[in-house]
Structures are given as structure tokens and as C-alpha cells.
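[1] Sequence and predicted structure, then a few things I'm wondering about:
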Amino acid sequence: MHFLSGLAHITLPDDTTQDLWLVGGAGGLVFATDTAGAGHITTYPSDQLTVGVVAPFEGGRVPAYEVLGEGACEGAQTCV
């Protein structure tokens, strides 16, 4: 999902200490590939309109990827 505007807060149902805040715009891109477990919870805690674009993967299959670490990312992350 790419959040074009607004604010999104993503948490895990079984570990609320790990969360992600996404500000819409250039840095508002996230790949949430909940392939196992209970999924995630997204709330929109802003009075701004939050707009997101969903682009499904071809054939409904998640592309190959490598897990770089367990748990949430630490610090500021940037998509280039």
C-alpha cells in the first residue's frame, strides 16, 4: 500500500510494542505481506483525509524476498 496523504498507524495483534507510523507522501510506502499469523491492525489517528493506493501482486503471489531481521524496523526508514 502507498499512503498518498494522511497518517496510518500499524500494529500487530499479538505484540503492541511493535508498531509502524506512516505519513502519507513520498515515504508512505509499505509492503504488508501477512502470509502467516493473525495479520495486522491499521488505524488512522488523524483528522486529515488518509488516501492509500493498493496494487495487488501479479497472480496474487508475493514476489520472492529476503527477511533482513525479525520484528519491526528500527529508526527512520526511507524508500528510494
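    Looks like it came in fine. Here the structure is a predicted model, which means the values were calculated and not measured. Residues are numbered from 1 along each chain as shown.

[2] which residue lies farthest from the center of the protein?
    Each residue of the chain has a distance to the centre, and by CA atoms, centre = their mean the biggest one is for Gly59: 20.9 Å.

[3] Any idea which helix or strand in the protein has the lowest mean pLDDT?
    Among the secondary structure pieces of the chain, namely its helices and strands, strand 15-23 has the lowest mean (mean pLDDT, DSSP states H and E), a mean of 82.

[4] Across the sheet, point out what pairs with the nearest residue to Val53 once chain neighbours are set aside.
    Leaving aside its chain neighbours, Val53 sits nearest to His2 (4.9 Å; criterion: CB to CB, 6 or more residues apart in numbering). The C-beta positions use only the backbone N, C-alpha and C, and glycine is treated the same way. In this entry, His2 is beta-bridged to Leu29, Val53, by DSSP bridges.

[5] Pull the number of nearby residues for His2.
    For His2, the neighbour count with other CB atoms under 10 Å is 18.
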